[in-house]
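1. Need a 3D model of the sequence below.
(chains A and B)
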Amino acid sequence: MRAKLLAVLCSLKLTLVLLVSGLVVVFIGTVAQADEGLYYAQARYFKSWVVSGFSFFGHKVPLPLPGGYLIGTLLLANLTAAHIQRLKVSWKKSGILLTHAGLILLLLGQLGTDMLSIESAMRLEEGETKNYSEDFQSNELVFIDTSDPKDDSVVSVPESFLARGGTIADKRMPLEVRVKHYWPNCDLEERPPAGSVPAAATHGMFTNRVVHALKPDDTDSRARAAAVVEFTSSKGSHGTFLLATRGSAPQLLEFNGSIYHLSMLFAPALGGHQIVVADPGAGRDADPEMVPESEFAKHPEVTLKRLPLTMRVRGFWPRCVLYRELPKEAVFPEVTQGAFGGIAIAPRPIVKDMENRNLPAAELELLDNGKSLGTWLVAVSSSARQTVSAGGKTYEVAMRFRRHYTPYSFTLLKFTHDKYRGTEIPKDFRARVRVEHPAKGDAREVDIWMNNPLRYEGLTYFQASFDKDNDQRERKVTILQVVSNPSWLTPYFACVIVGVGLTVQFMIHFVGFIRKRPAAAPKAA
Amino acid sequence: MKLQHAQTPARHAARIFARAALVVACVFAGCRRDELQVYRVPKPPAPVVSAAKADPHGGGRPHIHSKAPAGWTDAGATRTRVANFSLTRDGQSAEIAVMPFPGMGGTDLQFVNLWREQLKLPAATEEELLKFMTRIVVNRQQGKLFDVTGPPPSGEGQRQDRIIVAVVPVDGLTWFFKLTGDAALVDKEKPAFVEFLKTVEFADDEHGPSTSPAPATAAAGMPVWDLPAAWKEQQPPDMILRSFASTGDAGKKVDITVSKFSGPAGGVQANADRWRTQVGLGPMDAAELAKLPVLDLAAGKATLVDVSGVSARTGERTRIIGAIVPDRGETWFFKLMGDVDVAERERPSFVKFVQSVKFAAQ
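-> Numbering: from 1, shown residues only, chains lettered A, B, ... in the order given. Model (predicted):
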């Protein structure tokens, strides 16, 4: 039996089957990236032992496939076993031995890279110092003891613990955590107060808002004026808009093939709030049409002077707060502690593409020696500071992108983003950072730019991206990709070994060929 | 037979390989497992203040850099005025106000007639407009200068007023520079006003003169504290950094707020008197001021003010317990206000809360 197994393991047929399987899995895994997303497809097809069912051009196929790890491991075993069994160690075959050793190292190195490498991102604003990077995918629940004046003590609970549910208890944790609910991806929405009314806008940027009118003595820093306005002509309605003061960009009304800008502004010099209809195509000096509050409060239906439109003000609130209308699937966690008392959760589908990431949240009951301290909501999407007191100490509690700390820090001194003159084509992204490693007494400035990463203390820092609003920022932002890959050198060594092996084998044959070549025939007399 | 011959070393090697593979697999599997971690990290440095460009539509407060002529007294910014000056000479007075409005779109005639109405003049016609308007350039931006003089005084003790306004649109904002006051003084001051306009720079950064005692953002240098478990965080009103509430029976409650202002912000007495006024009490004398208790904090001291009375706003019995804490050129205010019974219950928690405050970078 063992002999048969060994014979199979050493066989060339197995090599062929594995190579063909590899081709099939690479093809299916690549095609599946369109349906499942790059990250998930890579994890499911290439970084796994068995693939249970696969996607093929949008169709689900309920057949198992060998995963990348299984094929790689069997190839490694096949190569090693065949090598040991068939090849005899001799100088004549030293080149082949070296080549095979290089291939084995390559396979092992790739396995090591897949299983041990960690990729994360460090977002730095000019002048900002950080000693950690944040994981691209993983999140963590943390309890931070900030009582020490110098250091913070952090207990990090992986998100997977929350996803499992139940109670999380560990003697290293300051308290127990009972997971009441966990949402792998969601939005936090503010709950509109009772009495809020839907604006029922059909067009514009506020089609899903409800309006909460404020009383005169209500203080709310978000207070603004708003009006629901319908525009009609002889052809019928051209849309109902919710117009509001404070920071809202003009909304666009399409009429007769032209685009008009609608807005509301507060102009005390002109008698209060104004509904403004502007024609951006009429030139810089053209005055917009302004309908003051004093007019539309008396006559909700106003015929515009410069456009053949009638404006009907269906509602006006001089002081109000706009809330997003909650989706039907929104849930209301029973939060009794912390910063999220009036929050609703709007669950969202799990995202799998590389451009977006899931933003989980959890409703947690915290217990101190079995005694409930209340229910907190933690969410990756909010940095609101929340605390909990237990055992005579106060801890910050938060859910955040998983952090990877280093004993050294980076300070972004300057970020430059050069483009080719007269174009938007990037020429150079460059971050000048100061690296400080107190334990080593190291303090130096280095440039990190495209294709010129910084390798420091086992990590590689790539100039990966920047903030899309950098043009609007005084302090620019860079995003460095941080890669920890303990086996990053193995492909280089492997390639050198394979190259040397092939050269040696070639030279052995070449020298043998030269030696065996018959001596040149004597020249004819 | 050849296979048999090769089995012994091959089997041995295969066994070694299998064991090695098992070890490697275990190591790799162990490395990838999610684990609870405990670690210590140095405290994070104070975050840099966000530097987004001021949003012309209201996202940030726009401001100017300028040089005021001699004799103008800075009267401080207000909600609508980013700069405000007053001027008094020979018994006559005038004021200069700088006001930005987002997306202002009124016509020149509307503006002129608004000011003519303020001066009790009849409305001007489109044809008359040019009589009141000239062109002007402010910080390389084209603007218009309007000059409207009111009617002559009709009797003893009355004055003639004049309004001069420069209107300059810049990046979605319309800036109004308005000089208004006694016609004679405005006439004398007009050259200085025009010189002042030449010094104006429209700022698109967050540096330069502070235009209002706006509270710092929550992220910038917020202190840490031990929050009593019964307090619930609530939406802070304008000018307040953090706000909490504690409730009692029958809907009674107290609000606890945290705010910060640059400088002494009026000092202890002015703020204590302000709080006293809010509960219907008069100002305190020097002896009462000297008796105010002082709390020792981790760094620094807090002056505690504790007053009860009837709220001037609600007419209900109200208590205010406030702590005034100076810290490196700024003054922090921690204030508990609300129902007297709930305030009495929460007083020890409030004092503990204030004593637990630790300011950033200490």
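
2. residues of the longest helix along chain A that come out buried?
-> Ordering each helix of chain A by length in residues (DSSP state H) puts helix A:490-516 first. Across helix A:490-516, burial judged by 16 or more other C-beta atoms under 10 Å in any protein chain shown covers A:490, A:494, A:497-498, A:500-501, A:504-505, A:508. In short, each C-beta sits where N, CA and C put it, glycine included.

3. same check, this time on stretch A:36-54
-> Under 16+ other C-beta under 10 Å, the buried positions of stretch A:36-54 are A:36-37, A:39-46, A:48, A:51, A:54.

4. so residue B:289 makes contact with residue B:269?
-> Yes - judged on C-beta atoms under 8 Å, residue B:289 makes contact with residue B:269 at a distance of 5.5 Å.

5. would you list the buried residues of stretch A:36-54 in CSV and tack on secondary structure and pLDDT?
-> CSV is the format used below for these (DSSP: H, G, I helix; E, B strand; the rest coil; pLDDT from 0 to 100):
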residue, secondary structure, pLDDT
A:36, helix, 81
A:37, coil, 76
A:39, helix, 73
A:40, helix, 78
A:41, helix, 85
A:42, helix, 83
A:43, helix, 82
A:44, helix, 88
A:45, helix, 91
A:46, helix, 88
A:48, coil, 87
A:51, strand, 91
A:54, strand, 90
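
6. from the residues you listed, which single one is nearest residue A:291?
-> residue A:37 (49.0 Å; C-beta to C-beta).

7. Report the separation between the closest one and chain B.
-> The spacing between residue A:37 and chain B, counted by C-beta to the nearest C-beta, to the nearest Å, is 20 Å.

8. Next, that residue: phi, psi?
-> Per-residue torsions, residue A:37: phi 90, psi 150 (degrees, to the nearest 10).

9. For it, which non-adjacent residue is closest in space?
-> Counting by C-beta to C-beta, 6 or more residues apart in numbering or on different chains, residue A:352 is the residue found nearest to residue A:37 once chain neighbours are left out, at 3.0 Å.

10. What residues does the stretch 251-400 of chain A have near chain B?
-> Residues of the stretch 251-400 of chain A lying close to chain B by C-beta under 8 Å from any C-beta of the partner chain are A:263, A:265-270, A:274, A:276, A:278, A:287-288, A:290, A:337-339, A:341, A:373-374, A:385, A:387, A:389, A:394.

11. which residues in the chain form helices?
-> Picked chain A for this. All helices of chain A, identified by DSSP H, fall at A:2-10, A:12-36, A:38-41, A:68-86, A:94-116, A:159-164, A:293-298, A:490-516.

12. The intended chain is chain B.
-> Going by DSSP H, chain B shows helices at B:2-32, B:108-118, B:129-132, B:183-199, B:267-278, B:286-291, B:340-355.

13. Lowest average confidence across these, which one?
-> Note on the helices of chain B: helix B:2-32 shows the lowest mean pLDDT, a mean of 52.

14. hang on, the earlier thing: who wins for proximity to residue A:367 among the helices of chain A?
-> For the helices of chain A, proximity to residue A:367 was assessed by C-beta to C-beta; helix A:159-164 is nearest, at 15.2 Å.

15. Tell me which residues of the closest one come out buried.
-> Neighbour counts using 16+ other C-beta under 10 Å place A:159, A:161-162 of helix A:159-164 among the buried residues.

16. Give me the number of neighbouring residues for residue A:296.
-> The number of residues packed near residue A:296 is 20, by other C-beta atoms under 10 Å in any protein chain shown.

17. what's the answer for residue B:138, then?
-> Using other C-beta under 10 Å, residue B:138 is surrounded by 24 other residues.

18. Could you check the pLDDT of it?
-> Confidence score, pLDDT, at residue B:138: 84.

19. If you rank every helix and strand of chain A by mean pLDDT, what lands last?
-> Sorting the helices and strands of chain A by mean pLDDT, DSSP states H and E puts helix A:38-41 at the bottom, at a mean of 78.

20. next one: chain B
-> Ranking every helix and strand in chain B by mean pLDDT, DSSP H and E puts helix B:2-32 at the bottom, with a mean of 52.

21. does residue A:141 have beta-bridge partners, and which?
-> Beta-bridge partners for residue A:141, by DSSP bridges, are residue A:157, residue A:399.

22. Give the full set of residues in contact with the closest residue to residue B:343 other than its chain neighbours.
-> Sequence neighbours aside, residue B:319 is the residue nearest to residue B:343 in space, at 3.9 Å (criterion: C-beta to C-beta, 6+ apart). Counting by C-beta atoms under 8 Å, 6 or more residues apart in numbering or on different chains, residue B:319 touches B:254, B:279, B:306-308, B:336-340, B:343-344.

23. ok, now how distant is residue B:319 from chain A?
-> Taking C-beta to the nearest C-beta as the criterion, residue B:319 is separated from chain A by 20 Å.

24. pLDDT score assigned to that residue?
-> Reported pLDDT for residue B:319: 92.

25. Near the closest residue to residue B:309 other than its chain neighbours, how many other residues are there?
-> Nearest non-adjacent residue to residue B:309, counting by C-beta to C-beta, 6+ apart: residue B:279, 3.2 Å away. For residue B:279, the neighbour count with other C-beta under 10 Å is 19.

26. and residue B:279, backbone torsions?
-> Residue B:279 adopts backbone torsions of phi -110, psi 20, taken as degrees, to the nearest 10.

27. which regions of the stretch 101-250 of chain A lie under the pLDDT threshold?
-> Across the stretch 101-250 of chain A, the ranges flagged by pLDDT under 70 are A:221, A:247-249.

28. Do you have the strands of it handy? List them.
-> Assigned by DSSP state E, counting those that start in this stretch, the stretch 101-250 of chain A shows strands spanning A:118-125, A:129-145, A:151-158, A:166-168, A:176-183, A:186-190, A:197-198, A:209-213, A:224-233, A:236-244.

29. same question, the stretch 51-200 of chain B
-> Per DSSP E, counting those that start in this stretch, the stretch 51-200 of chain B carries strands over the ranges B:63-65, B:73-74, B:83-89, B:92-102, B:133-138, B:141-149, B:161-170, B:173-182.

30. nearest to chain B, of the buried residues of helix A:159-164?
-> Nearest to chain B out of the buried residues of helix A:159-164 is residue A:161 (C-beta to the nearest C-beta; 7.2 Å).

31. Give the closest residue to that closest one in space, chain neighbours not counted.
-> Once flanking residues are discounted, residue A:161 sits nearest to residue A:168: 5.2 Å by C-beta to C-beta, 6+ apart.

32. Residue ranges in the stretch 251-400 of chain A under the pLDDT threshold?
-> For the stretch 251-400 of chain A, residues meeting the criterion pLDDT under 70 lie at A:268-271, A:281-286, A:354.
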